[in-house]
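Undergrad: pasting a predicted model and its sequence here:
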Amino acid sequence: MFLRKMDSMTTKFIKREISDFVFSDEWLVGTMLFIAGPRQSGKTSLARKFLEENGCSRLYYNWDIEKIRRKYRSDPDFFVKEASLIQMEKPYVVLDEIHKITRWKNILKGIYDEYQHIINIIITGSARLDLLRRSGDSLVGRYTMAHLFPFSLKEWVGGINKLTPSWLHESSDWKDIVTALDRKLTGVSPPPRDLAEAYFKFGPFPVPLISGSDRRSRKWHQDYATLLVREDLRDLSGIRELDRVSHLIELLPRRVGSPLSLRNLGEDLEANHTTIKNWLQALHRLYLVWPLLPYSVKLHRTFRKESKWYFLDWTFAGSEISRFENLIASSLNRFVTSLADRGWPEVKLYFMRTYDKKEIDFILTHNAKPILAIEAKLENVKISPQLRKFRRITGENIPILQVVNQPGVFLRKEFGEYVVGYDRLLMIL
């Protein structure tokens, strides 16, 4: 949760969507809960609010604080003893940033094996927690992972109100996903225009978005990128060529929206292909950027090598069209990650580009078959011919959607063909 300014005198909490499922018995019973996500996305606020609501406020422990580390060195079971003083059957304990101490995985394994029947264990952190799932180790089977991204538009608009489920987030949606999409797009209430425009302008992170200040936003984004490179990147990866990684970040904004040539980047940075790839992967683990893979199904003359790379926060992108495409890309990426976290059938996100530079910006697939194709345009309300051609050559009767940077727009050309403002699309993801 975060506080959002409503006017000069009032504030209200902003509810986070994952709180509707990650704190349920279905997720907490029998395993530790890991909440991973980028710096300053609200993980600590979410965890502390949950503890407060459940009478466990005192059971929050931040391993960034030296006092907590000293208490652990003196008595490794100190938080279990403090939890025993709470008058409830199985209290909730939050261990924040514990992944920053040596041998943290072995420590968590010991805590879980000995105390999982006494306390509910919630771990919050960033890049190293996500690495855990990718590497595989002795904690497998002992934890459930969920991701907390910065605000979605729905969260930013919704405040403390009950958030309506996104498309494909309910069992009934999977019985007819095309009809479910039509129902969601038709029935959603567009957000206030000023809130939608602020979201696009300031990005999804709480501090710049809540501030509503151009100068505050620019300063925050400058400091955020520097912090990731100068502290987190060095600590996580051991990379020492920080100036060249900073230069890489400076080169990426004007390349957003196009397949990224690692060879060309290597020439600019005087580094080889493997080094550039390692730097990008490290920045991905820090949630600064993420890759979008090309659609790999064999269609005639499709380009299947280089990925596109987007920023998690679209305000880092270059031109207006790049920022807009990045906004849609990041919202879709968040959507497919949420589906995976909630245990729904796997949905993947791709783009498609042909050698003659014809492109579909985004393709969602389920069981390797397309279920939605999307084009991002600043203004054009005429359905892209590439969308219709893609539907025709794949032989799939899938919905096609053109999303425009015009809040409030909603045109249904025919069933399964839509032109919508980004605000409407983001409110159903």
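TA: It's in.

Undergrad: how many other residues sit next to Arg388?
TA: By the measure other CB atoms under 10 Å, the count of residues near Arg388 is 14. For every residue, glycine as well, the C-beta is placed using N, CA and C.

Undergrad: tell me how far it lies from Ile398.
TA: Here the criterion is CB to CB, to the nearest Å. By it, Arg388 lies 11 Å from Ile398.

Undergrad: per-residue confidence at the closest residue to Arg230 other than its chain neighbours?
TA: By the measure of CB to CB, 6 or more residues apart in numbering, the closest residue to Arg230 outside its immediate chain neighbours is Leu242, 6.3 Å from it. Leu242 is assigned a predicted lDDT (pLDDT) of 88.

Undergrad: Leu242 contacts Glu231, correct?
TA: No. Checked against CB atoms under 8 Å, the pair Leu242 and Glu231 is beyond contact range at 9.9 Å.

Undergrad: can I get stretch 384-403 in CSV, CA atoms only?
TA: What follows is the C-alpha trace of stretch 384-403 in CSV, where atoms were taken according to Å, rounded to 0.1, in the frame of the first residue of the first chain:
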residue,chain,number,x,y,z
SER,A,384,-3.4,-1.9,-39.0
PRO,A,385,-3.5,-4.2,-42.1
GLN,A,386,-0.7,-6.2,-40.5
LEU,A,387,-3.1,-7.3,-37.7
ARG,A,388,-5.6,-8.6,-40.1
LYS,A,389,-3.0,-10.2,-42.3
PHE,A,390,-1.5,-12.0,-39.2
ARG,A,391,-4.9,-13.4,-38.3
ARG,A,392,-5.4,-14.6,-41.8
ILE,A,393,-2.0,-16.3,-42.3
THR,A,394,-2.1,-18.0,-38.9
GLY,A,395,-5.6,-19.3,-39.5
GLU,A,396,-6.5,-18.4,-35.9
ASN,A,397,-9.7,-16.5,-35.3
ILE,A,398,-8.1,-14.4,-32.6
PRO,A,399,-9.0,-10.9,-31.5
ILE,A,400,-6.9,-8.0,-32.8
LEU,A,401,-6.5,-4.8,-31.0
GLN,A,402,-5.0,-1.4,-31.9
VAL,A,403,-4.2,0.7,-28.8
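
Undergrad: quick one: contacts of it?
TA: For stretch 384-403, the surrounding residues in contact (CB atoms under 8 Å, 6 or more residues apart in numbering) are 178, 181-182, 297, 299-300, 328, 352, 358-360, 363, 369-377, 380-383, 416-422, 425.

Undergrad: so which of the residues you listed are in helices?
TA: Where the contacts of stretch 384-403 overlap with helices, as defined by DSSP state H, the overlap consists of Val178, Leu181, Asp182, Ile328, Tyr422, Leu425.

Undergrad: tabulate those residues in JSON lines, adding columns for pLDDT.
TA: Output for those, formatted as JSON lines (pLDDT from 0 to 100):
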{"residue": "Val178", "pLDDT": "92"}
{"residue": "Leu181", "pLDDT": "95"}
{"residue": "Asp182", "pLDDT": "94"}
{"residue": "Ile328", "pLDDT": "98"}
{"residue": "Tyr422", "pLDDT": "97"}
{"residue": "Leu425", "pLDDT": "97"}
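
Undergrad: just name the closest of those residues to Ser211, please.
TA: When these are compared for distance to Ser211 (CB to CB), Tyr422 comes out closest, at 21.8 Å.

Undergrad: tell me, how many residues neighbour that closest one?
TA: As a burial measure, Tyr422 scores 22 neighbours (other CB under 10 Å).

Undergrad: for the nearest residue to it once chain neighbours are set aside, helix, strand, or coil?
TA: The shortest distance from Tyr422 to any residue that is not its chain neighbour, by CB to CB, 6+ apart, is 5.4 Å, and that residue is Val403. Using DSSP: H, G, I helix; E, B strand; the rest coil, the secondary structure recorded for Val403 is strand.

Undergrad: list the contacts for the closest residue to Leu426 other than its chain neighbours?
TA: With CB to CB, 6+ apart as the measure, Leu153 is the residue that lies nearest to Leu426, at 4.0 Å, once sequence neighbours are left out. Under the criterion of CB under 8 Å, 6+ apart, the contact partners of Leu153 comprise Pro191, Leu195, Ala196, Tyr199, Ser331, Asp423, Leu426, Met427.

Undergrad: how close does Leu153 sit to Arg424?
TA: With distances defined as CB to CB, the gap from Leu153 to Arg424 amounts to 10 Å.

Undergrad: could you do Lys305 as well?
TA: Distance of Lys305 to Arg424, computed by CB to CB: 34 Å.

Undergrad: same thing with Met145?
TA: Separation of Met145 from Arg424 (CB to CB): 30 Å.

Undergrad: A helix includes Ser330, no?
TA: Yes. If the criterion is three-state DSSP, then Ser330 is within a helix.

Undergrad: hmm, back to that, neighbour count for Lys305 and Arg424, which is higher?
TA: When Lys305 and Arg424 are compared for neighbours, Arg424 comes out ahead with 24 against 8, by other CB under 10 Å.
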